[in-house]
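S.K.: need coordinates for the below:
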Amino acid sequence: MGVEEIRVRAARTEEVDELLDLWARAGENASRPPDRPDLVQRLLEHDPGAVLVAVAGGRLVGSVVAGWDGWRANLYRLAVEPDRRGRGVARLLVAAAERRLTALGAERLCAMVLDDNDPARGLWSALGYAPQGEWRRWVREVPGADGGAGATPA
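M.R.: Sure, this is the predicted structure:
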């Protein structure tokens, strides 16, 4: 297989189903609520640049969410097609996400990484990120959230 050009760009609203399919194949989804198209659609409408995708041969092969709330920057949902791993796709996505976030004013970047995801931990460490042992993420589901106000994508 020859070298195929990979382009990183913002996800499009019409790609929500393809993005969800990518996450189902490539993501670690065991501890998160099921992904819902309406929530991903809402994220893309709210912040069209927040979800970055890697595209090769006309299909999505990777993604990362680069969230910015004006105060903090968070990177999550880094996912790469299993057959594309180890080829620099994740590094391209993270570099693009870092450029986006620093251009928006971020001075500190936080990556959401599951403790037992050793390949992800290795990647983030190689990119200069380090776990912050004194912090833990606390999560609460919104009672009755069904896509209405208050529900947020994970």
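S.K.: residues near residue 39, how many?
M.R.: 18 (other C-beta atoms under 10 Å). From N, CA and C alone the C-beta is placed, and that goes for glycine too.
S.K.: pLDDT score for it?
M.R.: For residue 39, the model assigns a pLDDT of 94.
S.K.: show residues contacting the helix ranked longest in the chain.
M.R.: Ranked by residue count under DSSP state H, the longest helix found in the chain is helix 89-104. Residues outside helix 89-104 that contact it (C-beta atoms under 8 Å, 6 or more residues apart in numbering) are 6, 8, 49, 52, 54, 61-64, 66, 68, 73, 75, 78, 80-81, 109, 123, 127.
S.K.: buried among those? Make that a PyMOL selection.
M.R.: To isolate the buried ones among the contacts of helix 89-104 in PyMOL, judged by 16 or more other C-beta atoms under 10 Å, type:
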select buried, resi 6+8+49+52+54+61+62+63+64+66+68+73+75+78+80+81+109+123
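S.K.: pLDDT of the longest helix of the chain, averaged?
M.R.: 97.
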